[in-house]
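>>> Sharing a sequence plus its predicted fold:
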Amino acid sequence: MSSSEKKSPKFLKAGKIVLLLNGRMAGKKAIIVKTLDEGTPDRPYGHCIVAGIQKYPLKIVKSMSEKKIAKRSRIKPFIKCVNYNHLMPTRYSLDLELKSVVTTDIVAGSNPTARSNCRKDVKKLLEDKYNTCVKTGKNKW
């Protein structure tokens, strides 16, 4: 078996938490939605579609009112197509169904309304996940 036939194990899978290294979202955490190892005709390199958090929720303490907690628990998401070279994988993964919400044609397409609707759906999913973690006290976030 030659070295060209030998494949490295695939560890960048859907649901894996990654850090973005380059661009406007550098340093932000994201979740891999779909991986495209072979690339596409317009992007002939290995890349993936990620949905991440552009603005994180703020700290919450016990003495805060429900209204203030709701305001501080808001999340601003982003959707992006990223080269594998600009990702740093973490050991964490999140079981969140984003594949049905974020699709390749929404990310690559030039339809801004579909993209903003997709962002709103991602925001709702992430905020629901965060709020359930806050309420239960178990940090599976």
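That came through, no problem.

>>> Over stretch 113-123, what's the mean pLDDT, rounded is fine.
Averaging pLDDT along stretch 113-123 gives 93.

>>> Can you pull out the residues in contact with it?
51, 75-79, 98, 101-103, 106-107, 109 (CB atoms under 8 Å, 6 or more residues apart in numbering). (Glycine included, C-beta is placed from N, CA and C.)

>>> Widest-spaced pair of these?
75 and 109 (23.7 Å; CB to CB).

>>> more crowded one of those two?
residue 75 (18 against 11; other CB atoms under 10 Å).

>>> isn't that one right up against residue 129?
No - counting by CB atoms under 8 Å, residue 75 does not reach residue 129; the two are 9.4 Å apart.

>>> Below-threshold pLDDT in the chain: ranges please.
Confidence mapping of the chain against pLDDT under 70 gives the ranges 1-9, 139-141.

>>> Quick check: buried residues in the longest helix belonging to it?
Assignment by DSSP state H gives helix 112-136 as the longest helix of the chain. Of all the residues in helix 112-136, those buried under the rule 16 or more other CB atoms under 10 Å are 118-119, 121-123, 125-127, 129-130.

>>> Between the two ends of stretch 64-78, what distance do you get?
28 Å (CA to CA, to the nearest Å).
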